[in-house]
Structures are given as C-alpha cells and as structure tokens.
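# requesting a structural model of the entry that follows:
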Amino acid sequence: MTTGTTIILGIESSCDDTAVAVIRGNVILSNVVASQLIHSRYGGVIPEIASRNHQEMIWLTMQEALNQANVGMEQLNAIAVTKGPGLLGSLLVGVSFAKGLSLVTNKPLLGVHHMKAHILAHFIADANQIAPPFPFLCLTVSGGHTQIVLVKTPLEMEILGKTIDDAAGEAFDKAAKMLGLPYPGGPFIDKYGMLGNENKFVFSKPKINDLDFSFSGLKTSIKYQLEKWEREDSNFVKSNRNDLCASIQKTIVDILVDKCILAVKQTGIRDFALAGGVSANSKLRAQFVGKMDEINVKTYIPKFDYCTDNGAMIAMAGKFLFEHKIFENQELCAQAKLNF
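Below you'll find the predicted structure:
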C-alpha cells in the first residue's frame, strides 16, 4: 500500500478511557472510546481500578473499532500505541497489548507521545476541520498538562511555556470539587457557568514571567474565598453556584488566553491551534477564537471527538511516525513521565 492508503490501528490507555481507532491515510474509519464512569464515585481517577478496567475492555474495544472500520487485522500496516505520559498501570495495559498484537501479526509497532498526539489530531481529515500550516503555535490543555508549543513539523516541536505546578484541567476539577460538583468537574463548571455572571466574583491571578503557567495559587485563592463566604453564609455556594462557576471559569480562561496573546507577540507566528481535553470547554473555545481574531491570528480547534483522549489522535500521530519509519521493538516501555 502507498502512504495515502496506509491503515493504522491506534490504541490509547493513558488514563481512564480505553480507546481504539482505525485510520486510512488521514481519514478516520472508526473511533471507539470505552469510558470508565466508576471513578466519579471517588472524586478522581483511581489508578488500580483504571488499569483493571483497561484489561477488561481493551480487546472488546479493539474488536469494535475493527468491525466499525470494516478492516481485518491482516489489512493493518502498523499498530500505534500511547507510550506516555500518563498513569503507569494504564499505559502498561495498552503498551503490552500493542506489543502482543505486533508480535503475533508481525505488524510494525509505533510508540506515540500522548501530548504530541493531541496536537496532531488537527491533521485528521474531517469536513469541519482545517489543518494549520507549519510552523504554528498550539495551546495544549488537559487534566495533567498545560503547554504552549511551537510546532515546526509533525515530528519537531518545542515547548515555549508550561505549568510550573497544577494544570488548567486540574484547576477546573479541584475548583469543582470545592463547589460540591461531581467528577470530572470541568464540564459541570462549563455547564453552570453558562448560566452565571462571570464578573460577580474576582479571584487572584498568578504573576508568572514569560510563557509559563501556574494554577496552584488560584486554587488556594478559591479555597480561602469559599471558606470565608461559607462562614458568613452556610448556604453560600449553593445559592451562588452559577455565578461562582462562571467567575472561576473566566479566571482560568483569562490566564490561558493572555499567555497565548503573549506567545504571538514573542514569536510573530499568526496561526494558533488549541488541543487537549480542556479545549472542549465552551468559554475557552469562544474567548480563544475571539481574542486571536482581534489581533488577526488564525485559529484552529479540533472536532470535539478529537479533543478528549481518543484513539484517533494516536492513529494520526502513528501515521506520521510510520511515514518517517520511526518504529519501536519489543523493548518498548510505558513511561509515566515522558520528555516532550
């Protein structure tokens, strides 16, 4: 087969979603995600439970992805899998499964960096999605990472700024927990924030130089403010839920977008992409596009299905590795921390 008809299986298991996709060229033939709702009981992902559920679901998820794509194992050109970063136990399930498949099918193995895959999801062929030209900037925001990346080529990327403590996704989820909202809390803050006054409450923003981020101070500010207000009125959070969500969301989004504007000024690059699970946040998407438009910067945001963790982005990243013949062998190891 030519690279234009290359068929790759993508496997993602870095956290609590078991995801498998099939891609032909740049076109997604299937994208199956098995989510683990059980973690909502505990207010966060329990690593041991996550890895056990991956073991139970990964074979069935792969079979469903192949069935939906109408592709047989023998038609695959390669198998791509997330090798890191992420929860080690979860990654081990995906990597071990992919290595076994590679061994028994004699298909090449491709090891994918999870955060780079989020960025490369922009190159999935979709009627509602336009890929950015190289070089471009990308804000990648997820539960564990917040970065501004200079993307020079599909394989050459440089981090210009990153969080020095909590990530934006963690800030959303921790704030939501303080408000008594279910896990994962980010979508609930987004939902209730749409109904509230974002200027009702003010929270302190960190003063961090250059393009780095910090969200731990904001988390502390929210905690102390809420404790103060609740001492004065035990029903305060419940009575002001929508306004609190809107104000917290505005603060986090302002921090992110202000750094993006600074990155444009520093680099002069006028193509800016948004990626990662938090890029599904409606306020962030709207403000990112609006503020970039004000300074004549073109923006790119993946289809919603490709924002959160998914196998499609792993398959897409794998295609670029396949084209450049960057293969792994049976010594491939899962890595909870993986250099960019």
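# could you identify the helix or strand that succeeds the longest helix along the chain?
If you go by DSSP state H, the chain has its longest helix at helix 241-267. Once the chain leaves helix 241-267, the next helix or strand it forms, by DSSP states H and E, is strand 271-275.
# give the other helices and strands that that next one contacts.
helix 114-120, strand 136-141, helix 241-267, helix 282-294, strand 298-300 (3 or more CB pairs under 8 Å, 6 or more residues apart in numbering; DSSP states H and E). (Glycine included, C-beta is placed from N, CA and C.)
# let's see 6 Å
strand 136-141, strand 298-300 (3 or more CB pairs under 6 Å, 6 or more residues apart in numbering; DSSP states H and E).
# who touches T140 in this structure?
With contact taken as CB atoms under 6 Å, 6 or more residues apart in numbering, T140 is in contact with M115, H118, Q147, A275, G276.
# can you read off the pLDDT for N77?
Per-residue pLDDT puts N77 at 98.
# tell me the spacing between it and F123.
Distance of N77 to F123, given as CB to CB, to the nearest Å: 17 Å.
# thinking again about what came up before, mean neighbour count, the helices and strands packed on strand 271-275: which tops it?
strand 136-141 (a mean of 26; mean count of other CB atoms under 10 Å).
# adjacent strands (with direction) for that strand?
Strand 136-141 pairs in its sheet with strand 146-151 (antiparallel), strand 271-275 (parallel), by DSSP bridges.
# got a list of what V93 touches?
S13, S51, H54, Q55 are the contacts of V93 under CB under 6 Å, 6+ apart.
# between those residues, which has the most around it?
S13 (36 neighbours; other CB atoms under 10 Å).
# what's near enough to touch it?
S13 neighbours (CB under 6 Å, 6+ apart): H54, S90, V93, G94.
# the last one sits in which helix or strand?
I take that to be G94. Using DSSP H and E, G94 falls in helix 88-105.
# so for that helix, what's the average pLDDT?
Per-residue scores along helix 88-105 average to 97.
# same question, stretch 302-322
95.
# returning to that earlier point: which of the contacts of V93 sit farthest apart?
S13 and Q55 (9.5 Å; CB to CB).
# so where is the stretch 151-300 of the chain shaky, pLDDT-wise?
For the stretch 151-300 of the chain, no stretch is flagged by pLDDT under 70.
# residues making contact with stretch 291-299?
So stretch 291-299 is contacted by V257, V264, R270, D271, F272, V289 (CB under 6 Å, 6+ apart).
# give the buried residues for it.
K291, M292, V297, T299 (16 or more other CB atoms under 10 Å).
# same check on stretch 245-257?
C245, A246, S247, I248, Q249, K250, T251, I252, V253, I255, L256, V257.
# can you redo the residues you listed as JSON lines with distance to L101?
Listed next are the buried residues of stretch 245-257 as JSON lines, based on distance: CB to CB, whole Å:
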{"residue": "C245", "distance to L101": "43"}
{"residue": "A246", "distance to L101": "46"}
{"residue": "S247", "distance to L101": "48"}
{"residue": "I248", "distance to L101": "43"}
{"residue": "Q249", "distance to L101": "41"}
{"residue": "K250", "distance to L101": "46"}
{"residue": "T251", "distance to L101": "45"}
{"residue": "I252", "distance to L101": "40"}
{"residue": "V253", "distance to L101": "41"}
{"residue": "I255", "distance to L101": "42"}
{"residue": "L256", "distance to L101": "38"}
{"residue": "V257", "distance to L101": "42"}
